[in-house]
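[1] would you be able to build a 3D model of this:
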Amino acid sequence: MLRILNKIQRIGIVTERLPKIEEPALEEIGAQLKNRIGELFGGSLAIREVDAGSCNGCELEIQALNNPYYGIERFGVHFVASPRHADMLLVTGPVSRHMEAALRRTYDATPEPKLVIAVGECGANGGEFGVSYASCGAVSNVIPVDAVIRGCPPTPLDLMRGILEAIGKLQQNKHK
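    Numbers count the residues shown, from 1 in each chain. I've put the predicted structure just below:
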């Protein structure tokens, strides 16, 4: 143990500094997101992510939203474990037959007004899996969808734009 501590003291800190974020699109979209969330949700948007049978490509990009580079929580967006606490469902993948009932129950458990976003090509139209004996295809074949984020997989910025678009649709419906 003492040998390890001496080595740490001798070598010092060897980690790299965090690079400065110089992506104006991220800051611009983030500011718009924060403003709309402040108006409609009291400053905090709770999202429940549901994997309905995807390859996990979209999940990796969704998880990237929480890393230090994108840091989506600074804009008022956070992910929750229960649909009962969620304002929005982010659904990935073609809906497998085994997940169909679970997705419907999750949708029913989400309080109104609820938003649903289908993520990726698989969520939008079933992708290369389509409708088959094992797949229901697109998310819209199982539950109502408010917005679609295309891409295979969509980038974190595309995800932020899609969330912003869905919130904008809710805002328009609220003013009607």
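
[2] so what strands line up beside the longest strand along the chain?
    Across the chain, the longest stretch assigned as strand under DSSP state E is strand 45-51. Counting by DSSP bridges, the strands paired with strand 45-51 are strand 77-79 (parallel), strand 88-92 (parallel).

[3] most tightly packed of those strands?
    strand 88-92 (a mean of 27; mean count of other C-beta atoms under 10 Å). For the C-beta atoms, the positions are set from N, CA and C on the backbone; glycine is no exception.

[4] measure how far that strand is from the centre of its chain, please.
    7 Å (C-alpha atoms, centre = their mean, to the nearest Å).

[5] do me a favour and average the pLDDT over the longest strand of the chain.
    When pLDDT is averaged over strand 45-51, the result is 95.

[6] next up, the contacts around the residue positioned nearest the centre of the chain.
    In the chain, the residue lying closest to the centroid (C-alpha atoms, centre = their mean) is I62, at 4.7 Å. Shown in contact with I62 (C-beta atoms under 8 Å, 6 or more residues apart in numbering): 49, 90, 92, 119, 156, 159.

[7] pipe these into TSV and attach distance to L170 per row.
    Putting those into TSV (distance: C-beta to C-beta, whole Å) gives the following:
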residue	distance to L170
E49	18
L90	15
T92	21
V119	17
P156	21
L159	17
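
[8] kindly check the end-to-end length of stretch 107-125 for me.
    19 Å (C-alpha to C-alpha, to the nearest Å).

[9] in it, which residues are buried?
    107, 110, 114-125 (16 or more other C-beta atoms under 10 Å).

[10] between the residues you listed, which is closest to A134?
    Within the buried residues of stretch 107-125, proximity to A134 (C-beta to C-beta) peaks at C122, which comes in at 13.0 Å.

[11] name the nearest residue to the closest one, sequence neighbours excluded.
    Nearest non-adjacent residue to C122, counting by C-beta to C-beta, 6 or more residues apart in numbering: P94, 4.5 Å away.

[12] against G162, how distant is that neighbour?
    18 Å (C-beta to C-beta, to the nearest Å).

[13] repeat for D87
    15 Å.

[14] burial check on N6, number of neighbours?
    10 (other C-beta atoms under 10 Å).

[15] name the element it belongs to?
    Using DSSP states H and E, N6 sits in helix 2-11.

[16] picking up where we left off before, can you tell me the helix or strand for the residue nearest to the centre of the chain?
    I62 belongs to helix 57-64 when assigned by DSSP H and E.

[17] can you check V116 too?
    Here V116 is assigned to strand 115-119, by DSSP H and E.

[18] what average pLDDT does that strand get?
    Rounded mean pLDDT across strand 115-119 is 95.

[19] surely P83 meets V116?
    No - between P83 and V116 there is no contact under C-beta atoms under 8 Å: 10.9 Å.
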